[in-house]
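**Q** Fold the following and give me the result.
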Amino acid sequence: MNGQDPIQKHQRKKVVVGMSGGVDSSVAAYLLKEQGCDVIGVTMQIWQDEPEELSQENGGCCGLSAVDDARRVAERLDIPYYVMNFKKEFQKHVMDYFAEEYLHGRTPNPCIVCNRYVKWEALLDRSLALGADYIATGHYARIAHLENGRFALQVSATAAKDQTYALYNLTQRQLSHTLMPVGQYTKEQIREIAEQIGLPVASKPDSQEICFIPDHDYASFIKEYSGKELPKGNFVDVHGNVLGQHQGITHYTIGQRRGLGLAMGRRIFVKEIRTETNEVVIGEGDDVFADSLRCSRLNWMAVDGLHGKELEVTAKIRYSHRGTPCILREVGEDLVECKFTEPVRAVTPGQAVVFYLGDVVAGGGTIL
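**A** You can find the predicted model right below:
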């Protein structure tokens, strides 16, 4: 299929494929079966205790409709299929984290922590306990085993769909037990394969929203989930002058322009969120650019750390960022400073910064 090379060393290996009910993970299961693997399909039950109608509506990549689609794909591929309960892990590592970060004025990336602690750590541990050799997903990324002995993510064959940014936090152990068979294909090729073999999800659209907040109303979710309603406060300019009243810091993120409710007669943006004074700082275009950042909660891939040396890399500060060259240096324990060669827009605390050496991930961390 489209020039795919069978991976001989994985033949007859038992692989648990995380099946979201989408076309990518479905084709991943097919490709691995074609390569001779003993494939088992698993959908991770993460939806919480709520009415069935709401679960179907809010399920995103792992809801009840995903189970129906994944089961039909498994039947078509003639592979065993199971649903595993990961509700507790998802609530602890994703939903609790998401709410807590916003309550502290940061903008979290729930997909990154879900990948690390639920889709990998929890699923891998359970799969290995069942005798599996690997887990596999439908992510657009590749895994490289480097000459220095380390495992690292390598960008996918199609830059338009590359998902290495959201996977930078995977550990060496997790990478060594992971297969990502769709990483060498384009999205169009994956859909073509799905159509050729008659998969019922060949034309299914990609999921775009955060799975547990399909209406994108983060502030309402946080209020309902945490039971906390944050007070209104002041919008201020960079000089401290009061411009108006904001609706609570959970409504805002760095670089935001829409929904501010301020008639300034010019384009304005959120520059900073000050939780200690409950202020949202407003600036103009140039005010939201920075030439450096600091990050912690570091995870290293292609290298095992800086060890006191500087490292030149390309850094992405959000999924859609094209990447900007920068120099990394240690400024403390689990603390790295990134100096960019040109200013970057909207450095956002809570988001990830991911470092690339060529086409492999060197590591990454959480922006402070």
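**Q** how much space is there between the residue of the chain positioned farthest from its centre and residue 212?
**A** Most distant from the centre of the chain: residue 241, at 37.1 Å, with distances by C-alpha atoms, centre = their mean. Counting by C-beta to C-beta, to the nearest Å, the separation of residue 241 from residue 212 is 38 Å. C-beta here means a position set from N, CA and C on the backbone, and glycine is covered the same way.
**Q** cool, residue 72 as well?
**A** 24 Å.
**Q** More neighbours: which of these two?
**A** Neighbour count, other C-beta atoms under 10 Å: between residue 72 and residue 212, residue 212 has more, with 22 against 16.
**Q** pretty sure the more buried one contacts residue 221?
**A** Yes. Assessed by C-beta atoms under 8 Å, residue 212 is found in contact with residue 221 at 7.4 Å.
**Q** Return the set of buried residues in stretch 177-184.
**A** 177, 178, 179, 180, 181, 182, 183, 184 (16 or more other C-beta atoms under 10 Å).
**Q** can you list those residues in CSV and add pLDDT, secondary structure and distance to residue 356?
**A** As requested, the buried residues of stretch 177-184 are arranged in CSV below (pLDDT from 0 to 100; DSSP: H, G, I helix; E, B strand; the rest coil; distance: C-beta to C-beta, whole Å):
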residue, pLDDT, secondary structure, distance to residue 356
177, 97, coil, 23
178, 97, strand, 19
179, 97, strand, 22
180, 97, coil, 17
181, 97, helix, 22
182, 97, helix, 20
183, 97, helix, 15
184, 96, helix, 18
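**Q** ok, now which ones touch residue 272?
**A** Contacts for residue 272 (C-beta atoms under 8 Å, 6 or more residues apart in numbering) come out as 254, 280, 281.
**Q** hang on, the second one in a helix?
**A** What it means is residue 280. No. With DSSP: H, G, I helix; E, B strand; the rest coil as the criterion, residue 280 is located in strand rather than a helix.
**Q** For it, which non-adjacent residue is closest in space?
**A** Spatial nearest neighbour of residue 280, chain neighbours left out: residue 246 (4.7 Å); criterion: C-beta to C-beta, 6 or more residues apart in numbering.
**Q** any idea how far residue 203 is from that neighbour?
**A** On the measure of C-beta to C-beta, residue 246 and residue 203 end up 43 Å apart.
**Q** Could you pull up phi and psi at the residue lying closest to residue 289 once chain neighbours are set aside?
**A** Leaving aside its sequence neighbours, residue 289 sits nearest to residue 343 (C-beta to C-beta, 6+ apart; 3.9 Å). With angles defined as degrees, to the nearest 10, residue 343 sits at phi -60, psi 150.
**Q** Just to check, residue 343 is in contact with residue 293?
**A** No. With contact defined as C-beta under 8 Å, residue 343 and residue 293 do not form a contacting pair (11.0 Å).
**Q** And these two? Which one has more around it.
**A** residue 293 (22 against 13).
**Q** Doesn't the more buried one belong to a helix?
**A** No. Counting by three-state DSSP, residue 293 is not found in a helix; it is strand.
**Q** check contacts around it.
**A** Residue 293 touches 317, 337, 338, 344, 347, 353, 367, 368, counting by C-beta under 8 Å, 6+ apart.
**Q** and those, which two are the farthest apart?
**A** 344 and 368 (14.9 Å; C-beta to C-beta).
**Q** Compare neighbour counts for those two and give me the winner.
**A** Between residue 344 and residue 368, residue 344 has the larger neighbour count (other C-beta under 10 Å), namely 23 against 16.
**Q** nearest residue to that one other than its sequence neighbours?
**A** For residue 344, ignoring the flanking residues on the chain, the nearest one in space by C-beta to C-beta, 6+ apart is residue 324 at 5.3 Å.
**Q** before we move on, what about residue 73?
**A** In space, residue 73 is closest to residue 26, 4.4 Å off (C-beta to C-beta, 6+ apart).
**Q** measure the one you found to residue 133 for me?
**A** From residue 26 across to residue 133, the span is 21 Å (C-beta to C-beta).
**Q** Equivalent analysis for residue 278, please.
**A** 52 Å.
**Q** and what of residue 234?
**A** Counting by C-beta to C-beta, the gap from residue 234 to residue 133 is 57 Å.
**Q** and if you look at residue 345?
**A** In terms of C-beta to C-beta, residue 345 sits 43 Å off from residue 133.
**Q** can you check residue 157 too?
**A** Residue 157 is 25 Å from residue 133, by C-beta to C-beta.
**Q** Name the residues that touch stretch 123-132?
**A** 14-16, 18, 40, 42, 44, 84, 86, 135, 173-174, 177-178.
**Q** That's all I had, so thanks and see you.
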